[in-house]
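Peer 1: With the input below, show me the fold.
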Amino acid sequence: MSKDTSHTAKQRRRSDQVTLSQVALVAGVSPITASRALNYPDKVSNNARQSVLKAVESLGYVPNLVAGSLASSRSRLIAVIVPSLINSVFVEVIKGLQETLEAEGYQILLGNTDYDLDREYQLVRTFLGWSCSALVTAGLRHNTACHTLLANWDHPIMEVMELGKGMDLNVGLDHVAAGRCMATHLINKGYRHIVYVGARLTQDYRAGMRYQGHKAVLQAKGVEAPLVELDTLGSLQAGADSLPQVLAQHPHTQAIHFANDDLAAGALLAAQRQGLNVPGDIAIAGFNGLPLGQHVTPQLTTILSPREEMGRLAAKELIRRLSDKSVYRRQHDVGFTLQIGGST
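Peer 2: Just a heads-up that it's a prediction; the model follows:
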(Lines give C-alpha, C1' and ligand atoms only; values in the text may rest on other atoms or scores of the structure.)
Protein backbone atom coordinates (compact mmCIF):
# COMPACT_ATOMS: atom_id res chain seq x y z
CA MET A 1 0.00 0.00 0.00
CA SER A 2 1.36 3.45 -0.94
CA LYS A 3 1.85 6.20 1.60
CA ASP A 4 -1.06 8.23 0.13
CA THR A 5 -3.39 5.21 0.15
CA SER A 6 -2.48 4.42 3.74
CA HIS A 7 -3.15 8.03 4.75
CA THR A 8 -6.55 7.94 3.06
CA ALA A 9 -7.43 4.71 4.91
CA LYS A 10 -6.52 6.30 8.23
CA GLN A 11 -8.68 9.30 7.42
CA ARG A 12 -11.56 7.00 6.59
CA ARG A 13 -11.21 5.11 9.86
CA ARG A 14 -11.24 8.40 11.76
CA SER A 15 -14.29 9.67 9.93
CA ASP A 16 -16.09 6.40 10.66
CA GLN A 17 -15.69 6.84 14.42
CA VAL A 18 -18.95 7.44 16.21
CA THR A 19 -19.31 10.85 17.85
CA LEU A 20 -21.17 11.86 20.98
CA SER A 21 -23.51 13.95 18.83
CA GLN A 22 -24.52 10.81 16.93
CA VAL A 23 -25.16 9.03 20.23
CA ALA A 24 -27.35 11.92 21.36
CA LEU A 25 -29.29 11.88 18.08
CA VAL A 26 -30.05 8.15 18.35
CA ALA A 27 -30.93 8.47 22.04
CA GLY A 28 -33.24 11.41 21.38
CA VAL A 29 -31.45 13.74 23.81
CA SER A 30 -29.19 16.75 23.55
CA PRO A 31 -25.38 16.27 23.35
CA ILE A 32 -25.08 17.86 26.79
CA THR A 33 -27.52 15.33 28.26
CA ALA A 34 -25.67 12.48 26.54
CA SER A 35 -22.40 13.72 28.02
CA ARG A 36 -23.91 14.01 31.49
CA ALA A 37 -25.45 10.52 31.22
CA LEU A 38 -21.99 9.05 30.63
CA ASN A 39 -19.96 11.24 32.97
CA TYR A 40 -22.41 12.32 35.69
CA PRO A 41 -25.25 9.74 35.62
CA ASP A 42 -26.75 11.06 38.85
CA LYS A 43 -27.53 14.38 37.10
CA VAL A 44 -29.89 12.93 34.48
CA SER A 45 -33.09 10.91 34.65
CA ASN A 46 -32.87 7.13 34.59
CA ASN A 47 -34.82 7.04 31.29
CA ALA A 48 -32.37 9.43 29.64
CA ARG A 49 -29.39 7.47 30.93
CA GLN A 50 -30.79 4.16 29.70
CA SER A 51 -31.51 5.66 26.26
CA VAL A 52 -27.95 6.95 26.01
CA LEU A 53 -26.46 3.63 27.12
CA LYS A 54 -28.54 1.75 24.52
CA ALA A 55 -27.35 4.17 21.84
CA VAL A 56 -23.74 3.75 22.95
CA GLU A 57 -24.08 -0.02 22.71
CA SER A 58 -25.85 -0.04 19.33
CA LEU A 59 -23.45 2.44 17.72
CA GLY A 60 -20.26 1.12 19.30
CA TYR A 61 -19.33 4.52 20.71
CA VAL A 62 -16.03 4.72 22.59
CA PRO A 63 -15.46 7.90 24.61
CA ASN A 64 -12.06 9.58 24.50
CA LEU A 65 -11.31 9.43 28.21
CA VAL A 66 -7.97 11.19 27.95
CA ALA A 67 -9.44 14.15 26.02
CA GLY A 68 -12.27 14.42 28.50
CA SER A 69 -9.92 14.41 31.45
CA LEU A 70 -7.76 17.13 29.85
CA ALA A 71 -10.81 19.34 29.53
CA SER A 72 -12.12 18.80 33.03
CA SER A 73 -9.01 17.75 34.99
CA ARG A 74 -11.09 14.76 36.00
CA SER A 75 -11.87 11.41 34.37
CA ARG A 76 -14.25 8.59 35.23
CA LEU A 77 -11.27 6.43 36.19
CA ILE A 78 -10.33 5.51 39.75
CA ALA A 79 -7.00 3.82 40.43
CA VAL A 80 -7.00 0.87 42.83
CA ILE A 81 -3.65 -0.51 44.02
CA VAL A 82 -3.44 -3.70 46.10
CA PRO A 83 -0.56 -5.96 47.26
CA SER A 84 -1.85 -9.13 45.56
CA LEU A 85 -4.32 -10.28 42.94
CA ILE A 86 -4.18 -13.96 43.90
CA ASN A 87 -5.08 -13.41 47.55
CA SER A 88 -8.87 -13.66 47.86
CA VAL A 89 -8.79 -11.11 50.68
CA PHE A 90 -7.95 -8.30 48.25
CA VAL A 91 -10.17 -9.74 45.51
CA GLU A 92 -13.20 -9.32 47.80
CA VAL A 93 -12.26 -5.71 48.59
CA ILE A 94 -11.91 -5.04 44.86
CA LYS A 95 -15.33 -6.60 44.24
CA GLY A 96 -16.96 -4.22 46.72
CA LEU A 97 -15.17 -1.25 45.18
CA GLN A 98 -15.85 -2.19 41.57
CA GLU A 99 -19.54 -2.95 41.89
CA THR A 100 -20.25 0.25 43.81
CA LEU A 101 -18.15 2.51 41.57
CA GLU A 102 -19.44 1.04 38.31
CA ALA A 103 -23.02 1.65 39.44
CA GLU A 104 -22.13 5.36 39.47
CA GLY A 105 -20.42 5.35 36.08
CA TYR A 106 -16.80 4.94 37.23
CA GLN A 107 -14.26 2.36 36.08
CA ILE A 108 -11.20 1.17 37.97
CA LEU A 109 -7.58 0.92 36.90
CA LEU A 110 -6.12 -1.99 38.85
CA GLY A 111 -2.51 -2.40 39.96
CA ASN A 112 -0.65 -5.05 41.95
CA THR A 113 2.42 -4.19 44.04
CA ASP A 114 3.44 -7.70 45.15
CA TYR A 115 3.94 -6.14 48.60
CA ASP A 116 6.68 -3.87 47.18
CA LEU A 117 6.39 -0.18 48.16
CA ASP A 118 8.79 0.89 45.39
CA ARG A 119 6.53 -0.82 42.87
CA GLU A 120 3.58 0.97 44.47
CA TYR A 121 5.29 4.31 43.80
CA GLN A 122 5.77 3.46 40.13
CA LEU A 123 2.12 2.41 39.79
CA VAL A 124 0.92 5.60 41.48
CA ARG A 125 3.01 7.72 39.10
CA THR A 126 1.60 5.87 36.10
CA PHE A 127 -2.03 5.96 37.22
CA LEU A 128 -2.01 9.61 38.23
CA GLY A 129 -0.70 10.38 34.75
CA TRP A 130 -4.04 9.10 33.42
CA SER A 131 -5.84 11.91 35.25
CA CYS A 132 -7.64 9.55 37.62
CA SER A 133 -10.40 11.10 39.70
CA ALA A 134 -9.32 9.30 42.87
CA LEU A 135 -6.90 6.71 44.20
CA VAL A 136 -7.46 3.71 46.48
CA THR A 137 -4.48 2.03 48.12
CA ALA A 138 -4.33 -0.98 50.42
CA GLY A 139 -2.54 0.25 53.50
CA LEU A 140 -1.29 3.43 55.11
CA ARG A 141 2.42 2.92 54.51
CA HIS A 142 4.14 4.37 51.44
CA ASN A 143 7.76 5.07 50.64
CA THR A 144 8.99 8.67 50.89
CA ALA A 145 8.72 9.40 47.18
CA CYS A 146 5.18 8.03 46.98
CA HIS A 147 4.09 9.93 50.09
CA THR A 148 5.41 13.19 48.61
CA LEU A 149 3.68 12.52 45.30
CA LEU A 150 0.34 11.83 46.97
CA ALA A 151 0.67 14.81 49.34
CA ASN A 152 0.92 17.10 46.31
CA TRP A 153 -2.01 15.50 44.45
CA ASP A 154 -5.29 17.41 44.69
CA HIS A 155 -7.77 14.54 44.29
CA PRO A 156 -9.32 12.16 46.85
CA ILE A 157 -7.13 9.41 48.31
CA MET A 158 -8.71 6.43 50.05
CA GLU A 159 -6.49 4.10 52.13
CA VAL A 160 -8.11 0.80 53.09
CA MET A 161 -7.40 -2.45 55.00
CA GLU A 162 -6.00 -0.86 58.16
CA LEU A 163 -7.03 1.86 60.58
CA GLY A 164 -4.88 4.86 61.38
CA LYS A 165 -3.90 8.39 60.46
CA GLY A 166 -4.30 8.47 56.71
CA MET A 167 -3.47 11.05 54.06
CA ASP A 168 -7.14 11.75 53.34
CA LEU A 169 -9.87 9.10 53.70
CA ASN A 170 -9.46 5.82 55.58
CA VAL A 171 -11.59 2.66 55.88
CA GLY A 172 -10.16 -0.33 57.71
CA LEU A 173 -9.77 -2.29 60.90
CA ASP A 174 -7.43 -2.25 63.90
CA HIS A 175 -4.95 -5.09 63.32
CA VAL A 176 -3.26 -4.72 66.70
CA ALA A 177 -6.66 -5.13 68.36
CA ALA A 178 -7.37 -8.17 66.17
CA GLY A 179 -4.14 -9.78 67.35
CA ARG A 180 -5.04 -9.04 70.96
CA CYS A 181 -8.48 -10.53 70.46
CA MET A 182 -7.23 -13.89 69.20
CA ALA A 183 -4.46 -14.11 71.79
CA THR A 184 -6.99 -13.39 74.54
CA HIS A 185 -9.22 -16.18 73.23
CA LEU A 186 -6.31 -18.67 73.28
CA ILE A 187 -5.28 -17.62 76.79
CA ASN A 188 -8.86 -17.93 78.02
CA LYS A 189 -8.99 -21.47 76.59
CA GLY A 190 -6.11 -22.36 78.90
CA TYR A 191 -3.23 -22.44 76.40
CA ARG A 192 0.08 -21.10 77.63
CA HIS A 193 2.60 -22.29 75.03
CA ILE A 194 1.40 -20.31 72.03
CA VAL A 195 3.43 -19.63 68.88
CA TYR A 196 2.64 -16.92 66.33
CA VAL A 197 3.46 -17.82 62.71
CA GLY A 198 3.70 -15.13 60.05
CA ALA A 199 5.31 -14.76 56.64
CA ARG A 200 7.61 -11.97 55.46
CA LEU A 201 6.37 -9.56 58.09
CA THR A 202 8.41 -6.68 56.71
CA GLN A 203 6.26 -6.84 53.59
CA ASP A 204 3.03 -8.12 55.13
CA TYR A 205 3.34 -5.61 57.93
CA ARG A 206 -0.33 -5.81 58.92
CA ALA A 207 0.33 -9.40 60.03
CA GLY A 208 3.22 -7.95 62.04
CA MET A 209 0.81 -5.51 63.69
CA ARG A 210 -1.37 -8.45 64.72
CA TYR A 211 1.68 -10.11 66.24
CA GLN A 212 2.33 -6.99 68.31
CA GLY A 213 -1.19 -7.21 69.74
CA HIS A 214 -0.78 -10.96 70.32
CA LYS A 215 2.56 -10.43 72.05
CA ALA A 216 1.21 -7.70 74.34
CA VAL A 217 -1.54 -10.00 75.67
CA LEU A 218 0.83 -12.91 76.32
CA GLN A 219 3.44 -10.75 77.99
CA ALA A 220 0.79 -9.21 80.24
CA LYS A 221 0.04 -12.76 81.42
CA GLY A 222 3.73 -13.49 81.99
CA VAL A 223 3.79 -15.86 79.02
CA GLU A 224 6.45 -15.99 76.31
CA ALA A 225 5.36 -15.01 72.79
CA PRO A 226 7.64 -16.85 70.33
CA LEU A 227 7.47 -15.87 66.67
CA VAL A 228 8.19 -18.09 63.68
CA GLU A 229 8.59 -16.05 60.50
CA LEU A 230 8.40 -17.87 57.18
CA ASP A 231 10.36 -16.74 54.12
CA THR A 232 7.44 -17.20 51.73
CA LEU A 233 4.06 -15.49 51.68
CA GLY A 234 1.12 -17.31 53.22
CA SER A 235 -0.34 -20.31 51.39
CA LEU A 236 -1.75 -23.75 52.18
CA GLN A 237 1.59 -25.34 51.32
CA ALA A 238 3.54 -22.87 53.46
CA GLY A 239 1.21 -23.60 56.38
CA ALA A 240 1.67 -27.34 55.98
CA ASP A 241 5.45 -26.95 55.78
CA SER A 242 5.52 -24.71 58.85
CA LEU A 243 3.98 -27.25 61.23
CA PRO A 244 7.07 -29.49 61.66
CA GLN A 245 9.23 -26.37 61.84
CA VAL A 246 7.17 -24.95 64.71
CA LEU A 247 7.10 -28.24 66.61
CA ALA A 248 10.85 -28.71 66.15
CA GLN A 249 11.69 -25.23 67.41
CA HIS A 250 9.03 -25.19 70.15
CA PRO A 251 8.25 -28.80 71.13
CA HIS A 252 5.91 -27.78 73.96
CA THR A 253 3.61 -25.81 71.66
CA GLN A 254 -0.06 -26.11 72.61
CA ALA A 255 -1.54 -23.61 70.13
CA ILE A 256 -0.46 -21.86 66.95
CA HIS A 257 -1.82 -18.45 66.00
CA PHE A 258 -1.33 -18.10 62.24
CA ALA A 259 -1.21 -14.76 60.41
CA ASN A 260 -3.89 -15.88 57.95
CA ASP A 261 -6.38 -18.65 57.21
CA ASP A 262 -4.41 -20.12 54.30
CA LEU A 263 -1.48 -20.87 56.59
CA ALA A 264 -3.77 -22.11 59.35
CA ALA A 265 -5.80 -24.42 57.09
CA GLY A 266 -2.64 -25.85 55.55
CA ALA A 267 -1.23 -26.62 59.00
CA LEU A 268 -4.53 -28.11 60.19
CA LEU A 269 -4.65 -30.53 57.26
CA ALA A 270 -0.97 -31.41 57.72
CA ALA A 271 -1.56 -32.12 61.42
CA GLN A 272 -4.33 -34.56 60.55
CA ARG A 273 -2.11 -36.33 58.03
CA GLN A 274 0.47 -36.75 60.78
CA GLY A 275 -2.11 -38.25 63.13
CA LEU A 276 -2.30 -35.21 65.40
CA ASN A 277 -5.64 -34.31 66.92
CA VAL A 278 -6.83 -30.73 66.49
CA PRO A 279 -7.31 -29.21 69.02
CA GLY A 280 -6.45 -32.07 71.41
CA ASP A 281 -2.75 -32.25 70.47
CA ILE A 282 -2.40 -28.83 68.88
CA ALA A 283 -4.85 -25.92 68.61
CA ILE A 284 -4.81 -23.83 65.43
CA ALA A 285 -6.21 -20.34 64.75
CA GLY A 286 -6.10 -17.99 61.74
CA PHE A 287 -7.20 -14.60 60.48
CA ASN A 288 -9.50 -13.30 57.70
CA GLY A 289 -12.55 -15.56 57.95
CA LEU A 290 -12.09 -17.16 54.52
CA PRO A 291 -14.71 -19.72 53.40
CA LEU A 292 -11.93 -22.33 53.25
CA GLY A 293 -11.59 -22.30 57.02
CA GLN A 294 -15.26 -23.14 57.46
CA HIS A 295 -15.04 -26.18 55.17
CA VAL A 296 -12.25 -28.02 56.97
CA THR A 297 -12.87 -30.29 59.94
CA PRO A 298 -12.81 -29.06 62.61
CA GLN A 299 -13.87 -25.60 61.49
CA LEU A 300 -11.15 -23.02 61.89
CA THR A 301 -11.17 -20.47 64.69
CA THR A 302 -10.43 -17.15 63.00
CA ILE A 303 -10.98 -13.39 62.93
CA LEU A 304 -13.57 -12.39 60.33
CA SER A 305 -12.80 -9.14 58.51
CA PRO A 306 -15.63 -7.57 56.45
CA ARG A 307 -13.67 -7.20 53.24
CA GLU A 308 -16.39 -6.66 50.63
CA GLU A 309 -18.20 -4.28 52.98
CA MET A 310 -14.92 -2.39 53.36
CA GLY A 311 -14.69 -1.96 49.60
CA ARG A 312 -18.30 -0.81 49.30
CA LEU A 313 -17.97 1.72 52.10
CA ALA A 314 -14.73 3.09 50.66
CA ALA A 315 -16.38 3.48 47.24
CA LYS A 316 -19.42 5.25 48.69
CA GLU A 317 -17.27 7.77 50.53
CA LEU A 318 -15.24 8.44 47.38
CA ILE A 319 -18.43 8.98 45.39
CA ARG A 320 -19.68 11.45 47.99
CA ARG A 321 -16.41 13.38 47.79
CA LEU A 322 -16.39 13.32 43.98
CA SER A 323 -19.98 14.56 43.97
CA ASP A 324 -18.85 17.55 46.08
CA LYS A 325 -20.78 16.27 49.07
CA SER A 326 -19.47 16.09 52.62
CA VAL A 327 -18.15 12.64 53.53
CA TYR A 328 -19.82 10.93 56.45
CA ARG A 329 -16.52 10.91 58.28
CA ARG A 330 -12.89 10.73 57.16
CA GLN A 331 -12.14 7.50 59.00
CA HIS A 332 -14.29 4.38 59.30
CA ASP A 333 -13.52 1.43 61.57
CA VAL A 334 -15.27 -1.57 60.00
CA GLY A 335 -14.36 -3.76 62.97
CA PHE A 336 -13.89 -7.53 63.05
CA THR A 337 -15.54 -10.60 64.56
CA LEU A 338 -14.00 -13.48 66.50
CA GLN A 339 -15.34 -16.61 64.83
CA ILE A 340 -14.79 -19.57 67.12
CA GLY A 341 -14.58 -22.98 65.47
CA GLY A 342 -13.58 -26.40 66.69
CA SER A 343 -9.87 -25.94 65.97
CA THR A 344 -9.18 -24.28 69.34
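
Peer 1: which residues in this structure form strands?
Peer 2: 77-82, 107-112, 134-138, 157-162, 169-173, 194-199, 227-230, 255-258, 283-285, 302-304, 331-333, 337-339 (DSSP state E).

Peer 1: Run through who's touching the last one.
Peer 2: Identification of contacts with strand 337-339 by CB atoms under 8 Å, 6 or more residues apart in numbering yields 181-182, 185, 289, 301-304. The C-beta positions use only the backbone N, C-alpha and C, and glycine is treated the same way.

Peer 1: Could you dump the strands of the chain into CSV and include mean pLDDT?
Peer 2: Shown next, in CSV, are those (pLDDT from 0 to 100):
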stretch, mean pLDDT
strand 77-82, 95
strand 107-112, 94
strand 134-138, 96
strand 157-162, 96
strand 169-173, 97
strand 194-199, 97
strand 227-230, 97
strand 255-258, 98
strand 283-285, 98
strand 302-304, 98
strand 331-333, 94
strand 337-339, 98
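
Peer 1: so can I have a markdown table of those strands showing mean neighbour count and distance to Ala34?
Peer 2: Below are these laid out as a markdown table (neighbours: other CB atoms under 10 Å; distance: least, CB to CB, whole Å):
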| stretch | mean neighbour count | distance to Ala34 |
| --- | --- | --- |
| strand 77-82 | 23 | 19 |
| strand 107-112 | 17 | 18 |
| strand 134-138 | 25 | 24 |
| strand 157-162 | 24 | 30 |
| strand 169-173 | 24 | 31 |
| strand 194-199 | 25 | 51 |
| strand 227-230 | 16 | 55 |
| strand 255-258 | 30 | 53 |
| strand 283-285 | 28 | 55 |
| strand 302-304 | 24 | 45 |
| strand 331-333 | 16 | 36 |
| strand 337-339 | 15 | 46 |
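
Peer 1: would a markdown table of the ones you listed with distance to His214 be doable?
Peer 2: Below are the strands of the chain laid out as a markdown table (distance: least, CB to CB, whole Å):
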| stretch | distance to His214 |
| --- | --- |
| strand 77-82 | 25 |
| strand 107-112 | 28 |
| strand 134-138 | 22 |
| strand 157-162 | 16 |
| strand 169-173 | 15 |
| strand 194-199 | 5 |
| strand 227-230 | 9 |
| strand 255-258 | 6 |
| strand 283-285 | 10 |
| strand 302-304 | 11 |
| strand 331-333 | 20 |
| strand 337-339 | 13 |
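
Peer 1: just to revisit the earlier point, nearest to Val195, of the contacts of strand 337-339?
Peer 2: Met182 (12.7 Å; CB to CB).

Peer 1: so how many other residues sit close to Arg125?
Peer 2: 12 (other CB atoms under 10 Å).

Peer 1: Switch the contacts of strand 337-339 over to JSON lines; also include distance to Ile282.
Peer 2: Shown next, in JSON lines, are the contacts of strand 337-339 (distance: CB to CB, whole Å):
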{"residue": "Cys181", "distance to Ile282": "21"}
{"residue": "Met182", "distance to Ile282": "16"}
{"residue": "His185", "distance to Ile282": "16"}
{"residue": "Gly289", "distance to Ile282": "21"}
{"residue": "Thr301", "distance to Ile282": "13"}
{"residue": "Thr302", "distance to Ile282": "16"}
{"residue": "Ile303", "distance to Ile282": "19"}
{"residue": "Leu304", "distance to Ile282": "22"}
